[in-house]
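Q: generate coordinates for the sequence data below:
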Amino acid sequence: MLIIGAPNAAREVLEDTLQGDCDSICDDLHGDIDDVMRRRFLQLFCVLTLTGLCTVGVLNRNAEYSRLNLPKEPTIDCAEPVKELSCSIPAFTAEWSIIPGVDIEIYSAHLDDRIKDDSGVRQHTIRTIALLRKSATQIKFFCIVNYPSGAQRSARASVDRIWLDSWDNGSHRDIPTPHILSCNLGDATKESPSSVSIVTDVCACPSNNLRVRKPPSPEGSTHKKGFAVCVKGLFYPKDISASLIQWIEMIHLLGAEHIQFYLYHVHHKTRRTLKFYEKFRQVAVRKLTLPPREYPQGLGFLENFLKTRTWEKRRLELVPYNDCYYRMRNKYEYVVLLDIDEIIVPRDPDTGTWAGVMERIRETEAEAIDKYASFAFTNAYFFRKLGTPIDILQQTERSANLSRPGFAVKSFFTSDGSLAVFNHYTLIPLRAGTRKCAIVGPDIALVHHYRDSCPSKMEEECASNFMKYKTNDMTILKYDVKLREAIAEVKANMKNAIY
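A: Modelled structure (predicted):
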């Protein structure tokens with residue numbers, strides 16, 4: 001495993017220890033361990049592991065992951081192709097498509113050609129992102145796949161859950177939970193599919209038909225760009241234009257070449273700011289709604305839902321995050337999931353970009369990119385007065401204590417490493433043997449997390465551990481001149497632009 005940037009002694013203990021099985025490591029805590037440092041790091045590791053946090057060991061589910069990542073269920077044949085039955089394929093259906101009588105809402109479908117078979121031939125797999133209730137997890141799903149030539153085929157779907165029960169204490173409530181449905185179609189050198197229907201009876205008429213989002217065509221450039229950023233659903237009834245411009249320009253200075261926003265609702269001035277960036281910068285905005293079969297669509301309900309139903313909201317966040325990862329992974333080497341109050345900032349005075357951070361990581365371990373699906377950075381809280389807007393050039397006071405390793409991290413996700421992602425690191429690697437994440441040392445980069453209050457459900461720890469001990473951190477000021485110039489240029493352009 002790799003603890004990037006950790007002190008040598010601690011790193012050696014962790015690297016040697018974490019190669020073993022977690023259960024045996026935790027059992028060792030009750031034996032005679034003379035080395036106090038070893039005990040402390042073992043305890044830390046077991047806590048992180050048992051709470052479902054950033055698992056950096058090799059996965060021990062090779063057989064299962066082989067099934068999930070490259071399903072080899074035989075094609076199901078009907079007496080007649082669906083297109084020849086007494087029904088027609090529906091027109092393309094939008095997000096949150098349904099199957100009548102089944103507790104599933106289907107958000108999007110993506111073509112994945114990253115997996116190869118035993119002979120090295122790339123395989124086409126359709127990844128469909130959906131919400132399922134518990135009853136739906138007991139049902140067999142199939143893909144009915146349509147091709148531009150008019151051909152049609154079907155395949156059994158494997159179902160992958162994008163959630164750990166430990167995150168919400170194993171809630172027994174039947175809450176819609178994100179899943180990925182994977183259908184392997186075989187040789188990727190053949191025709192690419194144009195649409196897919198998710199069904200429970202492969203020989204019946206489908207009720208949905210989702211456009212399959214494809215990788216760039218072979219005629220296009222095969223060279224990927226650097227970094228893309230994904231931002232979960234924005235809900236800001238008050239104007240946040242000034243802080244949003246500052247955040248976007250800072251993210252671009254760090255090397256992001258594209259930002260994908262998902263949008264619930266924002267103030268009209270904030271929406272106009274986003275419209276400018278859509279028109280003239282590398283920014284895209286996708287409208288987001290709550291799943292309509294599950295929730296009312298009114299603005300009042302949405303605001304109350306986002307404030308009070310924390311664990312349902314967090315489950316729903318994983319839908320746009322995974323949708324964005326699959327949209328971006330074909331064009332960019334790394335995908336970064338961030339909130340607009342978070343920035344991953346390089347610590348080295350001579351390293352000013354995320355590309356420079358990855359170069360530092362490769363210098364530490366040359367094969368790191370192939371071993372790890374994501375690279376996680378430690379969280380640091382920068383507190384400001386309650387109700388004041390974010391200004392990263394003014395708010396340089398942070399907690400002297402950093403969040404524990406694996407807690408509240410944000411990551412660079414390699415575009416070739418993940419089957420499923422969540423807010424903090426890779427949840428399911430694409431391949432057996434790939435490790436979920438490497439924890440990058442705080443001497444290389446930190447997550448600057450700007451808040452005006454403690455995160456909910458951790459007020460006591462926050463007050464005693466973070467807000468009590470503070471230090472000034474001037475790292476961000478190395479961007480001062482360039483950031484101010486970029487903001488001034490954008491504001492001038494907005495005054496003179498028609499959009």
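Q: quick one, helices of this structure?
A: 8-17, 22-28, 36-50, 62-69, 241-253, 268-280, 299-308, 310-328, 354-364, 368-371, 459-461, 480-496 (DSSP state H).
Q: pLDDT of the first one, averaged?
A: Translated: helix 8-17. Helix 8-17 comes out with an average pLDDT of 40.
Q: returning to that earlier point: and the helices of the chain, which one is worst for confidence?
A: Across those, the lowest-scoring stretch is helix 22-28, with a mean of 29.
Q: number of residues surrounding residue 94?
A: As a burial measure, residue 94 scores 11 neighbours (other Cβ atoms under 10 Å). (C-beta placed from N, C-alpha, C; glycine too.)
Q: cool, and residue 400?
A: Residues lying near residue 400 (other Cβ under 10 Å) number 14.
Q: ditto for residue 396
A: Residues near residue 396, counting by other Cβ under 10 Å: 16.
Q: contacts only, for it.
A: 382, 472, 473, 474, 476, 477 (Cβ atoms under 8 Å, 6 or more residues apart in numbering).
Q: gap between the third one and residue 377?
A: Translated: residue 473. Residue 473 sits 14 Å away from residue 377, going by Cβ to Cβ, to the nearest Å.
Q: again, but for the fifth one
A: For residue 476, the distance to residue 377 equals 15 Å [Cβ to Cβ].
Q: who has more neighbours, these two?
A: Remark: of residue 476 and residue 377, residue 377 carries more neighbours, 28 against 18, as counted by other Cβ under 10 Å.
Q: could you measure from the more buried one over to residue 146?
A: Residue 377 sits 42 Å away from residue 146, taking Cβ to Cβ as the criterion.
Q: low-confidence ranges, the stretch 151-300 of the chain, go.
A: 170-171, 215-222 (pLDDT under 70).
Q: ok, now with 50
A: The model of the stretch 151-300 of the chain has pLDDT under 50 over residues 218-219.
Q: now the strands for it?
A: Listed in chain order, the strands of the stretch 151-300 of the chain (DSSP state E, counting those that start in this stretch) span 152-156, 158-161, 177-187, 195-199, 210-213, 225-236, 256-266, 283-287.
Q: picking up where we left off before, kindly indicate the member of the contacts of residue 396 with the most neighbours.
A: The most crowded member of the contacts of residue 396, judged by other Cβ under 10 Å, is residue 382 (23 neighbours).
Q: confidence score at that residue?
A: Looking at residue 382, the pLDDT reads 95.
Q: from residue 148, how far off is it?
A: 51 Å.
Q: also residue 482?
A: Counting by Cβ to Cβ, the gap from residue 482 to residue 148 is 47 Å.
Q: repeat for residue 242
A: 47 Å.
Q: of those two, which one has the most company?
A: Comparing residue 242 with residue 148 by neighbour count (other Cβ under 10 Å), the higher total belongs to residue 242, at 16 against 10.
Q: OK, contacts around that one?
A: Applying Cβ under 8 Å, 6+ apart to residue 242 gives the contacts residue 389.
Q: so which of the contacts of residue 396 is the closest to residue 162?
A: Taking Cβ to Cβ as the measure, residue 162 lies nearest residue 382 of these, at 29.8 Å.
Q: surely that closest one and residue 449 touch.
A: Yes: using Cβ atoms under 8 Å, residue 382 is in contact with residue 449, at 6.5 Å.
Q: domain ranges for the protein?
A: Domain ranges of the chain: 3-50, 62-213, 233-288+315-496, per automatic domain parsing.
Q: could you dump those domains to a markdown table with distance to residue 227?
A: Converted to a markdown table, these look like this (distance: least, Cβ to Cβ, whole Å):
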| stretch | distance to residue 227 |
| --- | --- |
| domain 3-50 | 18 |
| domain 62-213 | 19 |
| domain 233-288+315-496 | 5 |
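Q: among these, which is nearest residue 223?
A: Minimum separation from residue 223 across these (Cβ to Cβ) falls at domain 233-288+315-496, 9.6 Å.
Q: ends of that closest one, how far apart?
A: End-to-end distance for domain 233-288+315-496, by Cα to Cα, to the nearest Å: 29 Å.
Q: first to last residue in stretch 466-483, what's the distance?
A: End to end - Cα to Cα - stretch 466-483 spans 28 Å.
Q: which residues sit against stretch 315-325?
A: So stretch 315-325 is contacted by 107-108, 110, 129, 131, 162-163, 175-178, 180, 230, 232-233, 260, 262, 286, 288, 290-291, 335, 337, 413, 418, 420-423 (Cβ under 8 Å, 6+ apart).
Q: what do you get if the cut-off is 7 Å, keeping everything else the same?
A: 107-108, 129, 131, 162-163, 175-178, 180, 230, 232-233, 260, 262, 288, 335, 337, 413, 418, 420-423 (Cβ atoms under 7 Å, 6 or more residues apart in numbering).
Q: could you do stretch 412-427 as well?
A: 54, 68-69, 114, 160, 162, 180, 224, 317-318, 321-322, 325, 329, 332-337, 354, 358, 369, 373-376, 409-411, 428-430, 434, 436-437.
Q: with stretch 265-282 instead?
A: Against stretch 265-282 from outside (Cβ under 7 Å, 6+ apart): 234-241, 244-245, 248, 257-259, 261, 283-285, 299, 302, 493-494, 497, 499.
Q: now the buried members of these.
A: Buried members of these, scored by 16 or more other Cβ atoms under 10 Å, are 234-236, 239-241, 244-245, 248, 258-259, 261, 283-285, 302, 494.
Q: got the strands of the stretch 151-300 of the chain as TSV, with distance to residue 386 columns?
A: Output for the strands of the stretch 151-300 of the chain, formatted as TSV (distance: least, Cβ to Cβ, whole Å):
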stretch	distance to residue 386
strand 152-156	53
strand 158-161	38
strand 177-187	33
strand 195-199	46
strand 210-213	42
strand 225-236	17
strand 256-266	21
strand 283-287	29
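Q: can you say which of these is nearest to residue 401?
A: Nearest to residue 401 among those is strand 225-236 (26.7 Å), distances taken as Cβ to Cβ.
Q: what angle do that closest one and helix 268-280 make?
A: 160 degrees (axes from the mean of the first three to the mean of the last three Cα atoms, to 10 degrees).
Q: now do strand 225-236: which elements does it pack against?
A: strand 256-266, helix 299-308, helix 310-328, strand 332-337 (3 or more Cβ pairs under 7 Å, 6 or more residues apart in numbering; DSSP states H and E).
Q: out of those, flag the one nearest residue 100.
A: That would be helix 310-328 among the helices and strands packed on strand 225-236, by Cβ to Cβ, at 21.0 Å.
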